[in-house]
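Engineer: I would like the atomic coordinates for the input below:
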Amino acid sequence: MEGRVEEEVTGSGRNLRLSSAETSPLDAFEHAYARAFHRYLAQTSEHGLHRAYELGRQAVSDELGLLDLSAVHHRAVASAVERAERQDAQGVLEAATDFFLQALAAFQMVQLGIGEAEERAMLEKQHAAQLHQLADASIAINASSSIEGILQLVAERARRIIGAHCCIAGVQLTRDRDGGVWRISHSERGARWRQLLGGVELSELLSFLADTLSPARASAVGLAGEQPWTGLARMAKGSTVRGCIVAPLLSPRERCIGLILLVDAPGGEFTEKDESILTQLTQVVSVAVDNARLYQREHGIAETLQRGLLPSKLPDIPGIALAARYVPGSAGMNVGGDWFDVVALANGRTGIAIGDVVGRGVRAASVMGQMRTAFRAYALGGESPDAVVARLNRLLPTLDPDHFSTMVYVRWDPAQTVANLVRAGHPPPLVVEPQGRTRYLDRAGSLPLGVLPDAEYHLDQVRLRPGSTLVLYTDGLVEHQAGLDAGLTQLERAVTGSGDLQAICDRVVDEVLPAHSVDDAALLMVRFGEE
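Structural biologist: Residues are numbered from 1 along each chain as shown. Take a look at the predicted model:
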């Protein structure tokens with residue numbers, strides 16, 4: 001039961017007292033306020049005003065509102081006026097004003113302090129959230145190996161972190177008087193600005209940034225007067241541009257290579273804090289872009305080297321249709337050792353091989369090139385597939401004792417429609433029958449090359465009907481996070497569809513090859529019985 005204020009009559013007059021029942025904070029505060037006010041009326045003093053000041057602070061701590069404080073004061077004054085003589089009422093009102101102003105002043109000061117503290121805490125919380133988002137963005141940006149991927153991440157993340165309407169992120173790849181070649185990405189709302197800002201406009205803005213190598217901000221007023229923003233103001237006719245902020249991307253030699261442009265902050269203008277956050281972001285992006293450019297340059301060199309060691313084209317052999325694909329991995333200069341070859345042999349036979357020198361780097365690629373050359377020489381010598389593979393096994397340690405290799409060698413004899421094959425530690429070939437049924441040739445296998453110098457290699461014979469397709473591949477094509485079996489199952493599904501061999505090869509690469517695989521992959525498809 002809530003408490004109530006009751007009056008009691010004492011020798012000195014009428015006072016307020018609380019009932020013994022449990023009281024609410026408002027009731028307790030009203031009782032204290034009434035007692036202090038009546039004491040102040042009995043003897044106006046600085047001590048009484050100090051008590052009013054304390055009561056104003058107490059009202060805030062009791063979570064009372066301004067209306068609560070006013071109502072309590074009004075009831076205390078009404079009670080005092082009612083008890084006062086007519087000639088003393090004016091004095092009561094004047095004293096009440098002084099008392100209430102003291103209480104109100106304290107109330108407002110404490111409320112203001114709380115508000116400022118809350119605002120400061122909110123700003124600190126927002127800043128911490130921005131720093132957390134910045135850290136997450138840094139991880140994602142550094143994980144991307146392409147300039148396009150980096151810029152798209154930047155465009156979306158920068159807009160969200162700083163809170164802009166839209167973002168344009170660009171890197172200038174080449175320079176000329178027409179603005180050069182740019183790679184540009186924009187956030188979802190930046191499509192219109194991307195249409196307005198071409199290479200020339202971005203190059204002009206980049207030239208301005210080159211003078212200071214630091215961010216620049218402009219408000220709606222600055223758009224008309226500052227040189228770097230006049231183009232933006234001109235292109236934004238019919239739109240309200242409340243503010244812009246732009247920061248340069250710098251190379252290790254402090255050369256401007258790109259920029260990040262943000263348009264319209266929710267609050268109207270961008271702040272120094274926004275500029276600080278953007279500066280930190282551009283430092284991360286600049287390093288990532290420089291690494292991506294280096295990676296792409298190295299990867300291009302590696303891919304050129306790797307492709308130079310593979311057949312430039314497959315031979316034209318009567319009765320056989322051929323198609324092949326080689327996909328380099330995404331590991332910079334760490335070229336792989338995947339290879340394949342097709343050789344026309346005597347008596348209408350055909351030698352078909354695929355292999356993988358295990359390891360990465362230029363040395364592995366060099367060993368791969370020598371192994372492919374040796375295979376052609378041994379195969380053209382006319383020896384059986386098991387003898388050819390045994391010779392390669394003895395050769396490999398003399399080329400490099402630190403590498404070993406897997407391979408499959410198939411010698412096709414069209415007269416007997418028989419494929420003689422040896423599988424040395426390599427994933428099993430896949431056969432697709434003319435009616436579409438598939439089967440892996442995993443009945444026999446031998447050790448990889450370079451493991452034991454005197455290893456024996458099992459020769460297997462497989463009869464293939466006209467129209468059958470033999471699918472040879474390296475492990476980079478089918479090794480998935482879900483496991484090798486999942487990759488082999490996916491390969492079976494991909495090769496059973498309709499289309500010529502070239503179309504099927506493309507489908508296999510699209511559907512089976514793991515995304516962003518660091519390992520290279522080779523695929524060789526042979527269809528027998530076709531002119």
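Engineer: So which residue is dead centre in this protein?
Structural biologist: Centroid-nearest residue in the chain: residue 140, 3.5 Å away (criterion: CA atoms, centre = their mean).
Engineer: Tell me, what's the model's pLDDT at that residue?
Structural biologist: Looking at residue 140, its pLDDT reads 79.
Engineer: and the closest residue to it other than its chain neighbours, what does it touch?
Structural biologist: Residue nearest to residue 140 in three dimensions, not counting chain neighbours: residue 153, with 5.4 Å by CB to CB, 6 or more residues apart in numbering. C-betas here are computed from N, CA, C, even on glycine. Applying CB atoms under 8 Å, 6 or more residues apart in numbering to residue 153 gives the contacts 137, 140-141, 144.
Engineer: Kindly report the same for residue 58.
Structural biologist: Here residue 58 is in contact with 29, 32 (CB under 8 Å, 6+ apart).
Engineer: which element is it on?
Structural biologist: For residue 58, the enclosing helix or strand under DSSP states H and E is helix 46-61.
Engineer: which element follows that helix toward the C-terminus?
Structural biologist: Next along from helix 46-61, by DSSP H and E: helix 66-83.
Engineer: same for that next one, what does it pack against?
Structural biologist: With contacts taken as 3 or more CB pairs under 8 Å, 6 or more residues apart in numbering; DSSP states H and E, helix 66-83 sits against strand 13-18, helix 25-42, helix 46-61, helix 89-143.
Engineer: export these to CSV and tack on distance to residue 455?
Structural biologist: As requested, these are exported to CSV (distance: least, CB to CB, whole Å):
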stretch, distance to residue 455
strand 13-18, 101
helix 25-42, 90
helix 46-61, 87
helix 89-143, 42
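Engineer: Out of the ones you listed, flag the one nearest residue 244.
Structural biologist: Minimum separation from residue 244 across those (CB to CB) falls at helix 89-143, 19.2 Å.
Engineer: before we move on, the earlier item: ok, and for the helix holding residue 58, which residues are buried?
Structural biologist: Under the neighbour-count criterion of 16 or more other CB atoms under 10 Å, helix 46-61 has 48-49, 51-53, 55-56, 58-60 buried.
Engineer: For the closest residue to residue 438 other than its chain neighbours, grab the count of nearby residues.
Structural biologist: Among residues not flanking residue 438 along the chain, residue 492 sits closest, at 4.8 Å (CB to CB, 6+ apart). Close neighbours of residue 492, defined as other CB atoms under 10 Å, add up to 16.
Engineer: The helix or strand harbouring residue 492: which residues count as buried?
Structural biologist: Residue 492 is part of helix 484-495 when elements are defined by DSSP H and E. Of all the residues in helix 484-495, those buried under the rule 16+ other CB under 10 Å are 487-488, 490-492, 494-495.
Engineer: ok, so of those, who is nearest residue 416?
Structural biologist: For residue 416, the nearest member of these is residue 495. The distance, counting by CB to CB, is 25.0 Å.
Engineer: could you check the angle helix 66-83 makes with the helix holding residue 58?
Structural biologist: 140 degrees (axes from the mean of the first three to the mean of the last three CA atoms, to 10 degrees).
Engineer: State the mean pLDDT of helix 46-61.
Structural biologist: Here the average pLDDT along helix 46-61 is 81.
Engineer: picking that back up, which elements pack onto the helix or strand following the helix holding residue 492?
Structural biologist: Next helix or strand after helix 484-495 toward the C-terminus (DSSP H and E): helix 501-512. Counting contacts by 3+ CB pairs under 8 Å, 6+ apart, helix 501-512 packs against strand 320-327, helix 475-478, helix 484-495, strand 521-528.
Engineer: and if we set it to 6 Å?
Structural biologist: Packing contacts for helix 501-512, counted by 3 or more CB pairs under 6 Å, 6 or more residues apart in numbering; DSSP states H and E, involve strand 320-327, helix 484-495, strand 521-528.
Engineer: tell me which residues in that helix are buried?
Structural biologist: 501, 504-505, 507-509, 512.
Engineer: which of these lies closest to residue 366?
Structural biologist: Closest to residue 366 out of the buried residues of helix 501-512 is residue 509 (26.1 Å), distances taken as CB to CB.
Engineer: just the strands in the stretch 351-500 of the chain please.
Structural biologist: 405-413, 418-424, 430-432, 438-440, 460-463, 469-473 (DSSP state E, counting those that start in this stretch).
Engineer: so which of those gets nearest residue 386?
Structural biologist: strand 418-424 (5.2 Å).
Engineer: and that closest one, what's its mean pLDDT?
Structural biologist: Rounded mean pLDDT across strand 418-424 is 93.
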